[in-house]
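*Asks:* Generate coordinates for the sequence data below:
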Amino acid sequence: MFPRTLPQPEILSVDGLPTLRWGIIGPGWIADRFAAAFRHHTRQQLVAVAGRNLDKTTAFAGRWDIPRIFTEASEMLALKDLDVVYVATPHNHHFPDAMKVLQAGKHVLVEKPLALNAQEGAKLQQEARARKLFCLEGMWCDFTPKYDVLRQLLENGDLGDLHTLIADHGEYFTPDHRIFNPDLAGGPMLDLGSYLISLSITVAGSVPAQVLAQGQPAPGGVNGQASMLFTHHNGMHSVLNTTLFSRTPSGAVIAGRDATLSLNGHFYAPGDFTLASSEGNQLLHWKDKGGHYEQLSYEIEHTAWCIGQGLTESPIRPLETSLMTLSTMDNVRRQLGIVFNEERQD
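*Replies:* Sure, this is the predicted structure:
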């Protein structure tokens, strides 16, 4: 039966959150957005930042009033008054940097993707469990009100039997962007594609039973475009495309027997969506409060809540979900012949 209203998002109360002392490794573009959301929209403490370039790191610390600056992450990780670290380095540094954080006895929030592949991701999971530390992949969309409502609709069965997911994610990048750099695990898969594959796993609830993929190379030796068809155990098909060659609408449609959910604009970002009955005579509209990267605050506060609860994994995005995303990306990459430098045998 088509719902009369949309569910209300379940939002954490900031009054019950512990105030943790945070550090950042990698003061780059996404860390800048993270720090802005952190400073303006949470009560957490940002106490240290580590980056290889002293001038860049100093400027970052000045923008966000961070008292301690390090050019070596190991020196920052030796601090006693540091609880949790956000890893925002390039993709191929996520695994070694997150492992250093865990081995230093600190909790860790790793910018997506968690690691280059499922094997690396599993090692982080094992390390965190062995040390009883919290570890989370920062797939920021999962913690926003929009995605909370989406999950509730799926869990309630409001769309009926699911049959089709169609989604794309294409952006324009200048030739000097790191996404074209094979030494930084470039290509769309770990960046744009991870949102697509994560959404398909969220909707279907498991890794696909069958994966078919086609790709196209980009100059410089990285993959430039990938098209994927997933068949899931429940019979649902996911039709996905990611590209570095063109800016695409980057929307998504989740179609069930009873209703269709259309995510407008960038499906992974804060924004609006529409739920339409299959007969076409009933519509419900979700209007997002906006803010875009301001909503990184939700994953920050969720991390603090989990640590305060003594958890080692998030109930919203457990590491098993991250590993399913990585293993599916591994499958796609095998079909496309994408091998990252760190995976090559000498």
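
*Asks:* packing partners for the helix or strand where E137 lies?
*Replies:* In this assignment (DSSP states H and E), E137 forms part of strand 135-138. Strand 135-138 sits against strand 107-111, helix 118-131, helix 297-308, helix 319-336, with contacts defined as 3 or more C-beta pairs under 8 Å, 6 or more residues apart in numbering; DSSP states H and E. Glycine gets a C-beta too; all of them are placed from N, C-alpha and C.

*Asks:* Can you say which of the ones you listed is packed in most?
*Replies:* Counting by mean count of other C-beta atoms under 10 Å, strand 107-111 has the highest mean neighbour count of the helices and strands packed on strand 135-138, with a mean of 26.

*Asks:* That strand to helix 319-336, inter-axis angle?
*Replies:* 30 degrees (axes from the mean of the first three to the mean of the last three C-alpha atoms, to 10 degrees).

*Asks:* Mind checking the helices and strands packed on strand 135-138 for the one nearest to D161?
*Replies:* Nearest of the helices and strands packed on strand 135-138 to D161, taken as C-beta to C-beta: helix 319-336 at 21.5 Å.

*Asks:* what's next to the closest one, contact-wise?
*Replies:* Outside helix 319-336, the residues that touch it by C-beta atoms under 8 Å, 6 or more residues apart in numbering are 113-115, 117-118, 120-122, 124-125, 128, 135-137, 139, 189-190, 193-194, 197-198, 200-202, 206-208, 211-215, 223, 226, 228, 230, 313, 338-339.

*Asks:* now with 7 Å?
*Replies:* Applying C-beta atoms under 7 Å, 6 or more residues apart in numbering, the contact partners of helix 319-336 are 113-115, 117-118, 121-122, 125, 135, 137, 189, 193-194, 197-198, 201, 207-208, 211, 213, 215, 223, 226, 228, 313.

*Asks:* ok, now stretch 265-283?
*Replies:* Against stretch 265-283 from outside (C-beta under 7 Å, 6+ apart): 2, 6, 141, 144, 146, 153, 167, 195, 199, 250-252, 257-264, 284-288, 290-292, 295.

*Asks:* what does stretch 126-145 give?
*Replies:* 9, 11, 99, 102, 105, 107-114, 124-125, 147, 198, 268-270, 295-296, 298-299, 302-303, 306-307, 311-314, 316-317, 319, 322.

*Asks:* re earlier: which of the contacts of stretch 265-283 count as buried?
*Replies:* Buried members of the contacts of stretch 265-283, scored by 16 or more other C-beta atoms under 10 Å, are 2, 6, 141, 144, 146, 153, 167, 195, 199, 250-252, 258-264, 284, 286, 288, 295.

*Asks:* Please tell me the pLDDT value assigned to the residue nearest in space to the middle of the chain.
*Replies:* What sits nearest the mean C-alpha location of the chain, by C-alpha atoms, centre = their mean, is M139, with 1.9 Å. Among the per-residue scores, M139 shows a pLDDT of 98.

*Asks:* And G170, how close does it get to H292?
*Replies:* 19 Å (C-beta to C-beta, to the nearest Å).

*Asks:* Show the contacting residues for I254.
*Replies:* Counting by C-beta under 7 Å, 6+ apart, I254 has contacts 159, 162, 165, 203, 261.

*Asks:* you'd agree it is in a strand?
*Replies:* Yes: under DSSP: H, G, I helix; E, B strand; the rest coil, I254 falls within a strand.

*Asks:* Which strand residues bridge it?
*Replies:* L165, L261 (DSSP bridges).

*Asks:* Could you report the pLDDT at it?
*Replies:* 98.

*Asks:* Repeat that for the one 3 residues further on.
*Replies:* Listed pLDDT for R257 reads 96.

*Asks:* So that it lines up with my notes, have the first residue be 53 from now on.
*Replies:* Noted, 53 is the first residue going forward, which turns the last one into R309.

*Asks:* those strands in the stretch 253-398 of the chain, which residues are they?
*Replies:* Taking DSSP state E, counting those that start in this stretch as the test, the strands found in the stretch 253-398 of the chain are 262-270, 274-283, 289-295, 304-308, 311-315, 325-329, 335-338.

*Asks:* ok, back up a step: ok, of the contacts of I306, which one's closest to R120?
*Replies:* Using C-beta to C-beta, the contacts of I306 come closest to R120 at V255, 42.2 Å.

*Asks:* who touches the nearest residue to F186 once chain neighbours are set aside in this structure?
*Replies:* Using C-beta to C-beta, 6 or more residues apart in numbering and skipping residues adjacent in sequence, the residue nearest F186 is H159, 4.1 Å away. By C-beta under 7 Å, 6+ apart, H159 lies in contact with 135-136, 185-186, 359.

*Asks:* Likewise for S126?
*Replies:* Counting by C-beta under 7 Å, 6+ apart, S126 has contacts K152.

*Asks:* Could you say which helix or strand holds it?
*Replies:* Applying DSSP H and E, one finds S126 within helix 125-129.

*Asks:* Now find how far off-centre that helix is within its chain.
*Replies:* Remark: helix 125-129 is offset 25 Å from the chain centroid, using C-alpha atoms, centre = their mean, to the nearest Å.
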